[in-house]
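> predicted coordinates and the sequence they were generated for:
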Amino acid sequence: MGSEALLSVRDLRIAFDGTEVVRGLSFDVRPHEALAIVGESGAGKSLTARALLGMQPREATASGSIRPDLSAHRGRRIALIPQDALSALSPVHPVGDQLAAAVRSVARVSRKEARSRAVAALDRVGIPDATRRARAYPHEFSGGMRQRAVIAMAAVNEPDILVADEPTTALDEDHRDQVLRILAEQRAAIGAALVLVTHDMDVVREHTDRVLVVYAGRLTEHGPTSEVLARPRAPYTAGLLASLPRHASPGSRLPVLGGTPPAPGTLPPGCAFAPRCPLAADVCHRSEPEPRQADGRLVACHRWTELPHPATDLFQETEERHSR
Ligand SMILES: Nc1ncnc2c1ncn2[C@@H]1O[C@H](COP(=O)(O)OP(=O)(O)OP(=O)(O)O)[C@@H](O)[C@H]1O
């Protein structure tokens, strides 16, 4: 598995002031695949994704290994598509100039050639009249167009890996689908792998091949998307799926997954999910489960064999319990 990987992450830990928020994640990014990192807010998804590019917050301490180290090849072998397109674009330069500068930062080409690659990249992501629009400033683009321009910028140098950190959070549903489709097209066109950070299981289902489910900075379940989503083995994965609107029974309130994740530094003993888990037993409150092979994927749960299928009803009951 390791030798064919574009990137291998082993025992990644990220801490702030001595409190670990990413707690020993290990996974590979394989050529051409789309890997989702999914979990609720605060799970450590963004920190993990940015670590792949060597982009740690200054105040963080990190350990573990990410091989190879691509931080010196950002923009060329690995590129980030951030949540907020405005943060990725300078407000004071035309969009086309920014793309051309990205081209010239990695390739010794003439200004004219860089310009023409920039316009072609904008055209590929569906920016109409790309030659003219390349002269426009980011504020003259709509939100969806800006996010497409950011995808174009990330893809323009044909990196091996695109890392997209919740790329559609700021967009409405129509633009969300459009941007995800364009991202998939770009990825296919350049043959890149994609690491897609999301909290949305529908996005995981539609756009990824493998999924890493993270809870409180730890691996909960990791395997092929189709298998994990068809039959989750970790209660937390089942809870995330049960929270999707179409799984809710008529009249029930969302989210179905009751409670909230623990704040950093306030982890319970044992499994971090145990206080919210309808299957938790004594052992879960005592010892933190290690990831192990189960049913063709990795699962970190003492009770995985007890999870009923489908598990939706289990979580409906949990919600009732939490709301009482
Ligand atoms: N610079 C920082 N200083 C202190 N704590 C931080 C910093 N950056 C992130 N954290 C904390 O680390 C944890 C994980 O953050 P991260 O942004 O990776 O979560 P996430 O899963 O991406 O969540 P979201 O979906 O809300 O973006 C959170 O509890 C967050 O508050």
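Nice, I can see it. Numbers count the residues shown, from 1 in each chain.

> which positions in the strand or helix carrying Gln178 come out as buried?
Taking DSSP states H and E as the criterion, Gln178 maps to helix 173-190. Going by neighbour count (16 or more other CB atoms under 10 Å), the buried part of helix 173-190 is 175-176, 178-180, 182-184, 186-187, 190. From N, CA and C alone the C-beta is placed, and that goes for glycine too.

> and for that helix, what are the contacting residues?
34, 81, 124-126, 143-144, 147-148, 151-152, 155, 158-159, 162, 164, 167-168, 171, 192-194, 203, 206-207 (CB atoms under 8 Å, 6 or more residues apart in numbering).

> which of those count as buried?
Taking 16+ other CB under 10 Å as the criterion, what is buried in the contacts of helix 173-190 is 34, 81, 124-126, 144, 147-148, 151-152, 155, 159, 162, 164, 167-168, 171, 192-194, 203, 207.

> now intersect those residues with the strands, please.
34, 81, 162, 164, 193-194 (DSSP state E).

> residue numbers of the stretch 101-250 of the chain in contact with the ligand?
His199 (CB under 6 Å from any ligand atom).

> show me the contacts for the residue of the stretch 101-250 of the chain found nearest the ligand.
Residue of the stretch 101-250 of the chain nearest the ligand, by CB to the nearest ligand atom: His199 (5.5 Å). Each residue near His199 by CB under 8 Å, 6+ apart is listed here: 38-41, 45, 166.

> may I have the beta-bridge partners of Arg218?
The partner list for Arg218 in beta bridges (DSSP bridges) reads Tyr215.

> ok and the residue in the stretch 151-300 of the chain nearest the ligand?
Closest point on the stretch 151-300 of the chain to the ligand, by CB to the nearest ligand atom, is Pro264, at 4.6 Å.

> for Val9, helix, strand, or coil?
With DSSP: H, G, I helix; E, B strand; the rest coil as the basis, Val9 sits in strand.

> burial count for it?
Using other CB atoms under 10 Å, Val9 has 19 neighbouring residues.

> what's across from it in the sheet?
In this entry, Val9 is beta-bridged to Phe27, Ile66, by DSSP bridges.

> for whichever strand or helix holds Arg23, packing partners?
Assigned by DSSP H and E, Arg23 belongs to strand 19-29. Contact partners of strand 19-29 among helices and strands, from 3 or more CB pairs under 8 Å, 6 or more residues apart in numbering; DSSP states H and E: strand 7-16, helix 45-52, strand 60-67, strand 210-215, strand 218-224.

> tell me what angle that strand forms with strand 210-215.
170 degrees (axes from the mean of the first three to the mean of the last three CA atoms, to 10 degrees).

> gap between strand 19-29 and the chain center?
Its chain's C-alpha centre and that of strand 19-29 lie 13 Å apart, by CA atoms, centre = their mean, to the nearest Å.

> restricting to C-alpha, output it in CSV.
Only the C-alpha atoms of strand 19-29 are listed here, as CSV (Å, rounded to 0.1, in the frame of the first residue of the first chain):
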residue,chain,number,x,y,z
THR,A,19,-3.4,19.8,23.8
GLU,A,20,-3.6,17.4,20.8
VAL,A,21,-6.4,18.1,18.3
VAL,A,22,-5.1,15.6,15.7
ARG,A,23,-4.3,12.4,17.5
GLY,A,24,-2.4,9.9,15.6
LEU,A,25,-3.9,9.8,12.1
SER,A,26,-2.4,7.4,9.5
PHE,A,27,-3.5,7.1,5.9
ASP,A,28,-2.3,7.2,2.3
VAL,A,29,-3.2,9.3,-0.7
